[in-house]
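Fold the following for me, if possible:
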Amino acid sequence: MYTRILVPLDGSQVAENALDHAAQMADIFGAELILLRAAFLDRGCRILT
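Predicted coordinates for the structure are as follows:
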């Protein structure tokens, strides 16, 4: 059914809890677990296009 599961992580406890559930689903379905870590930069940054 699922071949890949994307889990966005932002450092919050809610996201970490969701990771546990996503890992269980990946085991059940034999899916690849893809983790995406999101970070907020509070200093100036340049966006490359």
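
C-alpha from now on. contacts and neighbour counts both.
Will do.

Contacts for the one helix or strand Val7 maps to, please.
Using DSSP states H and E, Val7 maps to strand 4-9. Under the criterion Cα atoms under 8 Å, 6 or more residues apart in numbering, residues 15-16, 18-19, 22, 26, 31-38 lie in contact with strand 4-9.

give the contact list for Gly30.
2-3.

How about Leu19?
Neighbours of Leu19 in contact, by Cα under 8 Å, 6+ apart: Val7.

which SS class is Asn17?
Classification of Asn17 by DSSP: H, G, I helix; E, B strand; the rest coil places it in helix.

what do you get for Leu36?
Once three-state DSSP is applied, Leu36 turns out strand.

Number the residues from 509 up from this point.
Sure, I'll start numbering at 509, so the last one becomes Leu544.

what's the nearest residue to it if we skip its chain neighbours?
Pro516 (4.7 Å; Cα to Cα, 6 or more residues apart in numbering).

Could you report the pLDDT at that neighbour?
On the pLDDT scale, Pro516 is placed at 92.

Compute the distance between it and Arg551, please.
Distance of Pro516 to Arg551, given as Cα to Cα, to the nearest Å: 22 Å.

I'd assumed Ala534 was in contact with Glu540.
Yes. The criterion here is Cα atoms under 8 Å, and Glu540 meets it with Ala534 at 6.3 Å.

Between those two, point out the one with more neighbours.
Set side by side, Glu540 and Ala534 show more neighbours around Ala534, with 18 against 15, by other Cα atoms under 10 Å.

The more buried one belongs to a helix?
Yes. Assignment of Ala534 by three-state DSSP places it within a helix.
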